[in-house]
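Student: Provide a 3D model corresponding to the input given below.
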Amino acid sequence: MIPPPPPGYPPYQGAEEPKKKKRGLLIAAIALAVIMVLCVGGGAVAFLTLRDAETGQGAKEPGVAVDEFLTAVYKDRDAGKAADHVCAASRDDKKIAAKVAEVQKYAATYQNPRFKWTTPKVDNQTGERATVSTRVTMTTADEKVADQDLRFTVVQKTGWWVCEVA
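Tutor: Numbers count the residues shown, from 1 in each chain. So this is what the prediction gives:
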């Protein structure tokens, strides 16, 4: 009779678990990295998309947008109010404040300057874009007069907004 084979050794199971733990950690780390990239990328896209979004309601007509802008700059001399009438793509608070400061300088330099302008006239309007012109006149108490012709590019988004002054 042949003797029975010696009993086999049980399989070593300690080696399998660390591989599974390492693989699970690797998968979790990769998934977390992908989620972070998507969140940061999505946030960046949202910021770039919404930073030029118009806040508030623009004017009902192109000429009204220009008139409200001119009132804020020349009569109210308020850069914040003027910026409220400028499209987001062109809104530069420093440039608007500089223009208002220029008007205030005229007010300090000349005797009681008064600003008026002709009714803004829409020269050309195509869909969401219009060109509006007007003449601004400064008159002083000692009867000095200065005229300036201005042309505005106005766009419609959530109403009409001043985007360019030439």
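
Student: now the helices for the chain?
Tutor: 16-50, 62-70, 79-83, 93-109 (DSSP state H).

Student: residues of the last one that come out buried?
Tutor: By neighbour count, with 16 or more other Cβ atoms under 10 Å as the criterion, the buried positions of helix 93-109 are 96, 99-100, 103, 107. All C-beta spots, glycine's among them, are computed from the backbone N, C-alpha and C.

Student: next one: stretch 106-122
Tutor: So, applying 16+ other Cβ under 10 Å, buried residues of stretch 106-122: 107, 110, 113, 115, 117, 120.

Student: Farthest pair within the residues you listed?
Tutor: Greatest spacing in the buried residues of stretch 106-122, by Cβ to Cβ: 110 and 120 (24.4 Å).

Student: quick one, which of the helices of the chain is nearest to residue 156?
Tutor: Comparing those by Cβ to Cβ, helix 62-70 comes nearest, at 7.8 Å.

Student: Now find how far off-centre the closest one is within its chain.
Tutor: Relative to the mean C-alpha coordinate of its chain, helix 62-70 is positioned 20 Å out (Cα atoms, centre = their mean, to the nearest Å).
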